[in-house]
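>>> Please find the sequence and the predicted model below.
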Amino acid sequence: MSPERPLDYAQMVLDNSTDAIVLMGLDYSVLAFNQSLLDTLKAYSGRMIQIGDDYRSFVTDQDKEVFHGLVEKAIQGESTLLERHSDHKGISIWFEYRMNPTYDKEKNLLGVCLRAKNIDVRKKMEIALSESEQKFRNLIESAPNAILIVDTEGKIVHCNLETENTFGFKKEELIDKSVEQLVPMRHRTGHDRLVNGYLQAPKPMRIGKNQVASAVKKDGTEILVEISLNGFEVNQTNYVSAIIVDITEKIQIENKIKEQIHELKEIARIQSHEIRRPLANILGLLELLESGMSEEKTNEIHSYLKESAKDLDLLVCEIVNRTAISFSK
């Protein structure tokens, strides 16, 4: 068996790696490299690399400072991992660099090994995802209503600034806490089952549209709310978004209007029924006066007229007062 055979196998292993690999001596001379490095340098710089070359000549000006820093750490026995964006001659690529110290059989420092992996597709996807997440967060933060993002365990994983304004809790007091923290104590029994049931088959739903729902603030104050629920998936993980609107003031105004309408109906009833009684008495007494009768009888009718007029005046005053009170509430 030829003694060079193991070296050939080692070179085959290097050449079959998709990473660009180069082994440098302590004087930066190239000791070994693989086919991927050869192809990368040729495509990136148009140059061919050979054993014995000074590898520093292949490092771009923008990468030299970082390159020397990594080499110094490797010489000191430290392995490093770095993601870096390279932009050279109009070619823009993200690489992942690994720099490791390399030793001979006697554990003497031989040099350093640089392994570069093209992570351009992955990195740009990560950047695009990060930008999308940031836009999503900006959208949530700019919303005028409280928004919660809840995971499948019913824990709050994100909330916006308006949530703080609505409930009085700081973000750090809500993140990773159960959403039941915002549910009044008397309604918590069975609430977890409702959450789990919804997570099994999430769909757009509005709570509080046809019946009033309540929530509790940090100080224990209960508020009336309307909640819009919707399920979504990110990285094969299910979440639920909850948009919460404080409708306490709205409900109070609606109840006030209902009370005023009821009061106005009662006033209308008084006007249509109660006023007719003294008014009918007055009209009837006036007809008697016009029919002609004795002075004694006339005086008696005048007395009745006066009494009916007072009754009518009292009813009118009652209507005025009740109307004023109703619209002052």
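Cool, the structure landed. In this text the structure is predicted, and so the values were computed from the model without any measurement. Residues are numbered from 1 along each chain as shown.
>>> Which parts of this protein are strands?
20-25, 30-33, 80-88, 91-103, 109-118, 146-150, 156-159, 205-207, 213-216, 222-234, 237-246 (DSSP state E).
>>> hey, least reliable of the ones you listed by pLDDT?
Mean pLDDT is lowest for strand 205-207 among the strands of the chain, at a mean of 77.
>>> Skip the chain neighbours and tell me the closest residue to Leu37.
Once flanking residues are discounted, Leu37 sits nearest to Ala20: 3.9 Å by C-beta to C-beta, 6 or more residues apart in numbering. Heads up, the C-betas are built off the backbone N, CA and C, glycines and all.
>>> Let me see the contact set for the one you found.
34, 36-37, 39-41, 115-118 (C-beta atoms under 8 Å, 6 or more residues apart in numbering).
>>> circling back to that earlier point, of the strands of the chain, which approaches Arg137 most closely?
Among the strands of the chain, the nearest to Arg137 by C-beta to C-beta is strand 156-159 (7.7 Å).
>>> Paired strands for that closest one, with orientation please.
Sheet pairing of strand 156-159 (DSSP bridges) gives strand 146-150 (antiparallel).
>>> Contacts made by the partner strand with the rest, please.
Here strand 146-150 makes contact (C-beta under 8 Å, 6+ apart) with 140, 156-160, 162-163, 165-167, 174, 179, 195, 239-246.
>>> and it with strand 222-234, angle?
Computed by axes from the mean of the first three to the mean of the last three C-alpha atoms, to 10 degrees, the angle separating strand 146-150 from strand 222-234 equals 50 degrees.
>>> Run the chain-centre distance for strand 146-150.
When C-alpha coordinates are averaged (C-alpha atoms, centre = their mean, to the nearest Å), strand 146-150 and its chain have centres 5 Å apart.
>>> what's the answer for stretch 102-118, then?
Centroid separation between stretch 102-118 and its chain, computed with C-alpha atoms, centre = their mean, is 48 Å.
>>> domain parsing for the chain?
Per automatic domain parsing, the structural domains of the chain span 5-120, 143-246, 253-328.
>>> Columns distance to Ser132 on top of those, output as TSV?
Output for the domains of the chain, formatted as TSV (distance: least, C-beta to C-beta, whole Å):
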stretch	distance to Ser132
domain 5-120	18
domain 143-246	10
domain 253-328	40
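>>> Which among these is found nearest to Phe136?
The minimum distance between Phe136 and the domains of the chain falls on domain 143-246, with 9.4 Å, by C-beta to C-beta.
>>> For the closest one, measure first residue to last.
14 Å (C-alpha to C-alpha, to the nearest Å).
>>> how far away is Ile243 from Ser214?
Shown here: Ile243 relative to Ser214, a distance of 16 Å by C-beta to C-beta, to the nearest Å.
>>> who has more neighbours, the two?
Ile243 (18 against 15; other C-beta atoms under 10 Å).
>>> Pretty sure the more buried one sits against Ala143.
Yes: counting by C-beta atoms under 8 Å, Ala143 is a contact partner of Ile243 at 7.5 Å.
>>> and Lys135, which of the domains of the chain is closest to it?
Within those, the stretch nearest Lys135 is domain 143-246; the backing value is 13.1 Å (C-beta to C-beta).
>>> Show the buried residues in the contacts of Ala20.
By neighbour count, with 16 or more other C-beta atoms under 10 Å, the contacts of Ala20 hold 34, 36-37, 40-41, 115-118 as buried.
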